[in-house]
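K.L.:
dropping the sequence and predicted coords here.
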Amino acid sequence: MPTVFTHSVVPLAAALAMGVPRLGRRLWIAGAVAAMLPDADVIAFRMGIAYADAFGHRGASHSFVFALGIAALGALLHRPLRARATVAAAWLFACAASHALLDALTNGGLGVALWWPWSDERLFAPWRPIAVSPIGAGFFSARGMDVILSEMLWVWLPCALVVMAAIAVRRAVSSRP
């Protein structure tokens, strides 16, 4: 899995690319939380639930159904988020789903249960360039630094390029007479 920092980079980049004022600060923050939330499933380890179980790490909480649940919650809470229900739902679905899709791009673990509850199969993307992050204190090691460098190359840099391109397009469009 990418680190929690990197999972929040995707909504940050998307919000900056769209223009944070257009999206709204509250909804952007909710999206960052939604992008990190699937990894709360690590508490399953303390509850004796095995990694490979449906409710283990990268299981149900990494599915599109879970992302839909987050989207539904966003639609219900759209007023406190100061957004239209459809905008809140779409944004939060995309942010939560981005977590599983990033995890599928890593080079370790058991894959992600994208299609749970219809399938417990754990899937990986055909191309897996992102180094998988060690869980827990192992993050503070040489391997953890390798993971951050891998994430900077494969996630942060492309996100930064998308943001810069979007800003350049907005400026070019707004400077037209």
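P.N.:
Yes, it's here.

K.L.:
and the pLDDT at the closest residue to residue 111 other than its chain neighbours?
P.N.:
Of all residues not flanking residue 111 in the chain, residue 122 sits nearest, at 3.1 Å (Cβ to Cβ, 6 or more residues apart in numbering). Every residue, glycine included, has its C-beta placed from N, CA and C. Listed pLDDT for residue 122 reads 97.

K.L.:
now for residue 122, how many residues are close by?
P.N.:
Using other Cβ atoms under 10 Å, the number of residues around residue 122 comes to 20.

K.L.:
ok, it touching residue 112?
P.N.:
Yes: using Cβ atoms under 8 Å, residue 122 is in contact with residue 112, at 6.1 Å.

K.L.:
which residues are in contact with each of those two?
P.N.:
Taking Cβ atoms under 8 Å, 6 or more residues apart in numbering as the criterion, residue 122 and residue 112 both touch residue 58.

K.L.:
tell me the centre residue of this protein?
P.N.:
Central residue of the chain (Cα atoms, centre = their mean): residue 99, 2.9 Å from the mean position.

K.L.:
nearest residue to that one other than its sequence neighbours?
P.N.:
The spatial neighbour of residue 99 that comes closest, neighbours along the chain excluded (Cβ to Cβ, 6+ apart), is residue 38 at 4.5 Å.

K.L.:
which element follows the helix or strand of the chain with the lowest mean pLDDT toward the C-terminus?
P.N.:
Using mean pLDDT, DSSP states H and E, the weakest-scoring helix or strand in the chain turns out to be helix 20-23, at a mean of 74. Downstream of helix 20-23, the first helix or strand assigned by DSSP states H and E is helix 25-36.
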